[in-house]
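Novice: Sequence first, then the predicted structure:
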Amino acid sequence: MESLRLRLHPLPLPLLILLLAILLGMGSIGEGEARSVMTGGVEELVERDPRGMPLRLAGRGQAVEEEEEEAAAGLSQTACPTKRLPYDPNPVRGQLDPTLYNPEDAMCLLRSLFIVSLDELRADPSFPPGFLRLAFHDCMTAGGGCDGSVLKPAELNSPANARLRRLSNITLRIQSRAAAMCLNVRPTLADTIAVAGDVANVLSGSPSGISMGLRLGRRDADPNLPGDNATTLPSPFDPFPVALEKMIRLGLTVEEATLFTVGGHSIGTSGCGAFRRRLSANISTCSSPPDRDLQPAYACQLSTICAQPAARADFDPATPLLLDTAIFRLLLEGKGLLTTDQDFFTNFTTRPFVLKYASLEGSLSFPTDFVAVYVKHLRIGINGPTSRPPASYCLTTAEQASSSSESSSSSFSSSSSDAASQIESLLLSTLQAVF
Ligand SMILES: *[C@@H]1O[C@H](CO)[C@@H](O)[C@H](O)[C@H]1NC(C)=O
Ligand SMILES: *[C@@H]1O[C@H](CO)[C@@H](O)[C@H](O)[C@H]1NC(C)=O
Ligand SMILES: *[C@@H]1O[C@H](CO)[C@@H](O)[C@H](O)[C@H]1NC(C)=O
Ligand SMILES: *[C@@H]1O[C@H](CO)[C@@H](O)[C@H](O)[C@H]1NC(C)=O
């Protein structure tokens, strides 16, 4: 409980309320006036239709009650409801596909993906920056946009994705745990990654993209294709115009590219290999550092860090766990870790945007500006010709088994009702403190 409070503390209160209102409100959007009962432990997180029959289960710790109520209602425990809409044979590229889920299932999955991701991502401080990167690397590859292809071996094995491989199994577990909360309707991997990245932002102090229109409806890549070409991702070794052009070509404006690239680096770490060439060859003296854009004293600190094997450095040592504008102010001091970050300040075209977000005014608009670009990039290129509707609307039995056998690093799986009610009572106590 204590660690949860600490991690969630930076969440601005009004935004938390907004988020809450949205999460709570979702229950009333589906047909049959489903509603959530958020009064107690996870046992209470059951949506009911107006006659009191359970519609969707919002937690996994209620097997006994579930069975009793299903016996009463005559439902099968693992039933996945029949999909009512036929898939659109020609979805509109760049737009969410409304035929991917029936609307009630989409709402249930959005909420369950959010709750499960919140639980999985708070297990390790390196997960939020990792999942923000995972979404970015899934979406910003020329090819299918956000299509889950980042987890295909060919794409995952590219050097750009080396640090993301360890997130693969966690992502699959989020997918199947979320499905289990919605009668085993399967969210696509692309939607799973999109919501997990949103939760990464929330855990780093940002508002949720759900309050800015983040919804589900991304088809996954054709399973017969190898994956997208990760060389279209910006690399720390790219000359600046090349790195910037990669972002522009995929649909961001110059300002959005500045905000998203630099802002995204306000959390997380980089391996020393990405910037070692900027440091002096002589660690003991730090003499004649080769990169004049890098502040000498800072270069010297980095040399010390990087003398350790397999060392990593924070992009933003001022506030490494917070999505905020400290990194923009660091660029003004010549403390950008990567040349591709520092160059946003050096270059006259992008400098005004760095100055904007380094200012007080920019700091205030940064959280919503950043999340707006995050939400925008979740639609770039989606549902194009290389995407496919899922082979099965429901999770397969094998996938259901993998979600329960896979060991979780977080506390939720071992005592699921505990952590769920922790999250829930955190939200409730926030509400009570305000009203
Ligand atoms: C992911 O899960 C598979 C199957 O359970 C396992 O073989 C593999 O080692 C896991 N990968 C990682 C990175 O944990
Ligand atoms: C990816 O793109 C690069 C640059 O266009 C090209 O050299 C490389 O062969 C491509 N790789 C694959 C696997 O298509
Ligand atoms: C700044 O970046 C733009 C866009 O990549 C490029 O065209 C321009 O040459 C750069 N200017 C300098 C001085 O590097
Ligand atoms: C580093 O600088 C010190 C002092 O000038 C010198 O003694 C040492 O040989 C240098 N080491 C390397 C690897 O150049």
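Specialist: Perfect, thanks for sending it. Residues are numbered from 1 along each chain as shown. Ligands and ions are numbered 1, 2, ... in the order given.
Novice: Stretch 344-354: end-to-end distance?
Specialist: 7 Å (Cα to Cα, to the nearest Å).
Novice: Could you check how far the closest residue to Tyr357 other than its chain neighbours is from ligand 4?
Specialist: In space, and not counting its chain neighbours, Tyr357 is closest to Phe328: 4.3 Å by Cβ to Cβ, 6 or more residues apart in numbering. In short, each C-beta sits where N, CA and C put it, glycine included. Phe328 is 34 Å from ligand 4, where distance means Cβ to the nearest ligand atom, to the nearest Å.
Novice: Check which residues of the helix or strand where Phe328 lies are buried.
Specialist: Under the criterion of DSSP states H and E, Phe328 resides in helix 326-332. Neighbour counts over helix 326-332 (16 or more other Cβ atoms under 10 Å) mark Ala326, Ile327, Phe328, Arg329, Leu330, Leu331 as buried.
Novice: Closest one to Asn282 out of these, please.
Specialist: Leu330 (24.6 Å; Cβ to Cβ).
Novice: Isn't the closest one up against Gly336?
Specialist: Yes: counting by Cβ atoms under 8 Å, Leu330 does reach Gly336; the two are 6.5 Å apart.
Novice: ok so, going back, pLDDT added to the buried residues of helix 326-332, as a markdown table?
Specialist: Below are those laid out as a markdown table (pLDDT from 0 to 100):
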| residue | pLDDT |
| --- | --- |
| Ala326 | 97 |
| Ile327 | 97 |
| Phe328 | 97 |
| Arg329 | 97 |
| Leu330 | 96 |
| Leu331 | 96 |
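Novice: for those, which one is nearest ligand 4?
Specialist: Lowest distance from ligand 4 to these (Cβ to the nearest ligand atom) belongs to Leu330, with 27.7 Å.
Novice: what sits against the closest one?
Specialist: Asp316, Ala318, Gly336 (Cβ atoms under 8 Å, 6 or more residues apart in numbering).
Novice: Just the ones of those residues in strands?
Specialist: Using DSSP state E, the subset of the contacts of Leu330 located in strands is empty.
Novice: what does the chain put close to ligand 4?
Specialist: Contact residues, the chain versus ligand 4 (Cβ under 6 Å from any ligand atom): Asn282, Ser284, Thr285.
Novice: One more pass at 8 Å, please.
Specialist: The chain comes close to ligand 4 at residues Ala281, Asn282, Ile283, Ser284, Thr285, Ser287, as judged by Cβ under 8 Å from any ligand atom.
Novice: Neighbour count for those - can I get that in a markdown table?
Specialist: Output for the residues of the chain next to ligand 4, formatted as a markdown table (neighbours: other Cβ atoms under 10 Å):
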| residue | neighbour count |
| --- | --- |
| Ala281 | 13 |
| Asn282 | 11 |
| Ile283 | 13 |
| Ser284 | 9 |
| Thr285 | 10 |
| Ser287 | 11 |
